[in-house]
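Colleague: Please work out how this folds:
(2 chains)
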Amino acid sequence: MQIAIRVPAARVKRLVVPLRQVPVLPLAILLLLVLTALLAPVLAPGSPTEQNLGKRLLPPAWVGGGSWDYPLGTDLFGRDILSRVIYGARISLMISMTAIGVGGLFGILVALPAGYLGGRVDMLLMRAVDVALSIPTILIGIVLAVTLGPSYEAVISVIVLFVWPRYARQVRGETLAIKQRDFIALAKIAGSSRARILIVHIFPNLVPTLLVLSSLQVGAAIIMEATLSFLGVGIPPPAPAWGVMVADGKDLVVSAWWVSLFPGIAILLTVLSLNLLGDWLRDRLDPKLRQV
Amino acid sequence: MTEVLLEAQSLKKHFPVTAGFILARTVSSIKAVDGVSFIIRQGETLSLVGESGCGKTTTAKMILLLEDPTMGSILFRGKDLQRLTPAEMKEYRASVQAVFQDPWSSLNPRLRVGSIIGEPLVVNRALPSKAIQEQVRELLLQVGLRPDHDDLYPHEFSGGQRQRIAIARALSLKPALIVLDEPVSALDVSIRAQIMNLLKDLQHQYGLGYLLIAHNLATVRYMSHRVAVMYLGKIVETAQTKQLFSHPQHPYTRALISAALRSRPDTQDEEIVLPGEVPSPLDPPPGCSFHPRCSNALPLCSKTTPVPREQERGHWVACHLAETLTVATRATISAEERP
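Modeller: Modelled structure (predicted):
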């Protein structure tokens, strides 16, 4: 007697093939970043805000005059740079994730009806997007900070203002393209409701675009936050935001390069990893490329 | 005579052409479909042929309720669609399904094959998911695929297989009529015959009516019982398939058939080459819309629009000269030959 065991070869292949091309380094860096943010109190050797004026501008441990009590040295107020960089990951992640979540959701909510319904709705919503895109966000950030004082809320609002029209434009274009495909007409023929078409047929086909866009926009959001903080209109000191730290060291680059170098590297690695991951996701999630 | 399934009565679809940005006004209209009437009987294939832009697809879209007719009516089993109750309308939607040309665009790439085929059932029939899965597996078998293909994604199939999936989905609600919009023209020639035979088998098995839209005359000849030839939004000739190919009467039909590739390259036939271009449906010529390109045109043709007249039983021709032109036209392709 023969017993047939079905091995779904295609499914095995689906899991194995993509693993080979995973961008290991960017993923590892981002994982490290998330872990660092979550475990900051455990990992940091000291307090990120405690000042020790007797130990100002200590160089990193491996440079002459440095000490392993302050592995990456200290800043102008004698604060431990390693601890500040570690706590800074929390701020960067929290701010960028919140802003992307709110901005992305808002952008999608604007773009789906615009793209799917078209006509006058589309024209009105997209003109609003054009207006939003032409707002100089950094300037708005500065004005907000000057009038209301720098705050987390202000930074998040400015990034939301920056991010949502970008989501809206991309999602609307993608919705227009998906709407033209025959499976949408066939869904109507089968009697699917408008809500069902949006949820079952359009939204899942937007997910790859959203993932790629988000991974790139998180990078942009982190840069935006750092920029605002660097300009002194972002995260209020003494919070250890990376942008603030780079700004703290900007007059000292020649004498105490470590003050701005390490937070600068943190920004660079994070954003670079996000962009590399975004590129990989785009290749990976496009079903047409996937079958190759 | 078998039951008339669907009847189109002087269907028209005019698309407005607008000018102006915010306060758009209609300046003219494109007469995509301009008074088309036909019937489809149960178990019968009616083909609509004609070159691109002649209104075949727009006609199909009106039947599928994707476009509203500007004028005219569609009767399903003798009932005007505009007078149906919501429940009857739902039943109409379920009774008329479609298979489209491009099998890459007609299957949602994010759904498994089981969900694609089962969607019409999920939407229209209150069934437990187990029962739907059973039916989906049954349908996959019927279209020549394996029942366990239901948990794969569309990109794991070839074009021909995907078209089989599209057919299984169209069958799921046990429809009475399926609109086939160029169902094989995107497929490799080697696959076409398989899909055409599958469609014919299913037609025999379920008594399905087909409205076939195609431009390939070999496909039309093989698949259909009757053929309607469209030119610039109007049907110019309707006849039984055999009759139409052996005795085409309208000058446009003759030119169309003479332009098709011979199945025997050695047979000599004079090819009728039409002068000029298809006129714009924005501004169709007065009278018979074919007259500027017709070699037999009389002064009458540019003044009066010809009404379709029955020349022989079931053979309708919209041409003023139909009677005078009925010279024995040679059968260009013998009836036994099939692609």
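
Colleague: from here on, contacts and neighbour counts on C-alpha atoms
Modeller: Fine.

Colleague: Which element, helix or strand, includes A:Leu27?
Modeller: Assigned by DSSP states H and E, A:Leu27 belongs to helix A:24-38.

Colleague: next one: A:Val171
Modeller: Per DSSP H and E: helix A:152-179 holds A:Val171.

Colleague: does that helix come close to chain B?
Modeller: No - against chain B, helix A:152-179 shows no contacts by Cα under 8 Å from any Cα of the partner chain, the least distance being 9.4 Å.

Colleague: Only alpha carbons, please: show the next helix or strand after that helix as PDB.
Modeller: Sequence-wise, the next helix or strand downstream of helix A:152-179 (DSSP H and E) is helix A:182-189. C-alpha atoms of helix A:182-189 as PDB (Å, rounded to 0.1, in the frame of the first residue of the first chain):
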ATOM      1  CA  ASP A 182      -9.500  43.600 -13.100                       C
ATOM      2  CA  PHE A 183      -9.900  41.900  -9.800                       C
ATOM      3  CA  ILE A 184     -11.600  45.000  -8.500                       C
ATOM      4  CA  ALA A 185     -14.200  44.900 -11.300                       C
ATOM      5  CA  LEU A 186     -14.600  41.200 -10.700                       C
ATOM      6  CA  ALA A 187     -15.200  41.800  -7.000                       C
ATOM      7  CA  LYS A 188     -18.000  44.300  -7.900                       C
ATOM      8  CA  ILE A 189     -19.400  41.700 -10.300                       C
END
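
Colleague: Show the subsequent helix or strand relative to the top helix by length along chain A.
Modeller: Secondary structure assigned by DSSP state H gives helix A:81-117 as the longest helix of chain A. Next along the chain after helix A:81-117, taking DSSP H and E as the criterion, comes helix A:119-133.

Colleague: Other residues contacting that next one?
Modeller: A:Val110, A:Ala111, A:Pro113, A:Ala114, A:Gly115, A:Leu161, A:Phe162, A:Pro165, A:Arg166, A:Ala168, A:Arg169 (Cα atoms under 8 Å, 6 or more residues apart in numbering or on different chains).

Colleague: which one among those residues gets closest to A:Gly73?
Modeller: A:Phe162 (35.1 Å; Cα to Cα).

Colleague: how about the closest one, what does it touch?
Modeller: A:Ala132, A:Leu133, A:Thr137.

Colleague: Report the central residue of chain A.
Modeller: In chain A, the C-alpha nearest the mean C-alpha coordinate belongs to A:Val218, at 1.5 Å (Cα atoms, centre = their mean).

Colleague: Up against chain A, what does the stretch 1-150 of chain B have?
Modeller: So the stretch 1-150 of chain B meets chain A at B:64-66, B:90, B:93-94, B:96-98, B:100, B:102, B:105-110, B:119-120, B:123-124 (Cα under 8 Å from any Cα).

Colleague: Could you list which of those residues belong to strands?
Modeller: B:Val96, B:Gln97, B:Ala98 (DSSP state E).

Colleague: Closest residue of chain B to chain A?
Modeller: Nearest residue of chain B to chain A, counting by Cα to the nearest Cα: B:Ser106, 4.2 Å away.

Colleague: What's the per-residue pLDDT of that residue here?
Modeller: Looking at B:Ser106, its pLDDT is 94.

Colleague: List the contacts of stretch A:235-244.
Modeller: Residues contacting stretch A:235-244 (Cα under 8 Å, 6+ apart): A:48-49, A:84-85, A:87-89, A:91-92, A:150-152, A:155, A:225-232, A:263-264, A:266-267.

Colleague: hmm, 7 Å instead?
Modeller: A:48-49, A:84-85, A:87-88, A:91, A:150-152, A:226-227, A:229-230, A:263 (Cα atoms under 7 Å, 6 or more residues apart in numbering or on different chains).

Colleague: Could you tell me which residues of chain A lie near chain B?
Modeller: Contact residues, chain A versus chain B (Cα under 7 Å from any Cα of the partner chain): A:Arg181, A:Asp182, A:Phe183, A:Ile189, A:Ala190, A:Gly191, A:Ser192, A:His201, A:Pro204, A:Asn205, A:Gln291.

Colleague: With only the CA atoms kept, save stretch B:303-318 in PDB.
Modeller: What follows is stretch B:303-318, C-alpha atoms only, in PDB (Å, rounded to 0.1, in the frame of the first residue of the first chain):
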ATOM      1  CA  LYS B 303     -28.300  60.300 -45.600                       C
ATOM      2  CA  THR B 304     -30.300  57.600 -44.000                       C
ATOM      3  CA  THR B 305     -29.200  55.200 -41.300                       C
ATOM      4  CA  PRO B 306     -29.900  51.700 -42.400                       C
ATOM      5  CA  VAL B 307     -32.200  49.600 -40.100                       C
ATOM      6  CA  PRO B 308     -31.300  45.900 -39.600                       C
ATOM      7  CA  ARG B 309     -33.400  43.700 -41.900                       C
ATOM      8  CA  GLU B 310     -33.700  40.000 -41.800                       C
ATOM      9  CA  GLN B 311     -32.300  38.600 -45.000                       C
ATOM     10  CA  GLU B 312     -32.600  35.000 -44.100                       C
ATOM     11  CA  ARG B 313     -33.900  33.300 -41.000                       C
ATOM     12  CA  GLY B 314     -31.800  34.700 -38.100                       C
ATOM     13  CA  HIS B 315     -29.500  36.600 -40.500                       C
ATOM     14  CA  TRP B 316     -29.900  40.400 -39.900                       C
ATOM     15  CA  VAL B 317     -28.000  43.000 -41.900                       C
ATOM     16  CA  ALA B 318     -28.000  46.700 -41.400                       C
END
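
Colleague: Show me how far it is from its chain's centre.
Modeller: Here stretch B:303-318 shows a centroid-to-chain-centroid distance of 21 Å under the convention Cα atoms, centre = their mean, to the nearest Å.

Colleague: ok, residues contacting that stretch?
Modeller: Residues contacting stretch B:303-318 (Cα under 7 Å, 6+ apart): B:Val236, B:Glu237, B:Thr238, B:Ala239, B:Gln240, B:Gln249, B:His250, B:Pro286, B:Gly287, B:Cys288, B:Cys319, B:His320.

Colleague: for the stretch 151-300 of chain B, what spans make up the helices?
Modeller: B:159-171, B:189-206, B:217-223, B:241-246, B:251-259 (DSSP state H, counting those that start in this stretch).
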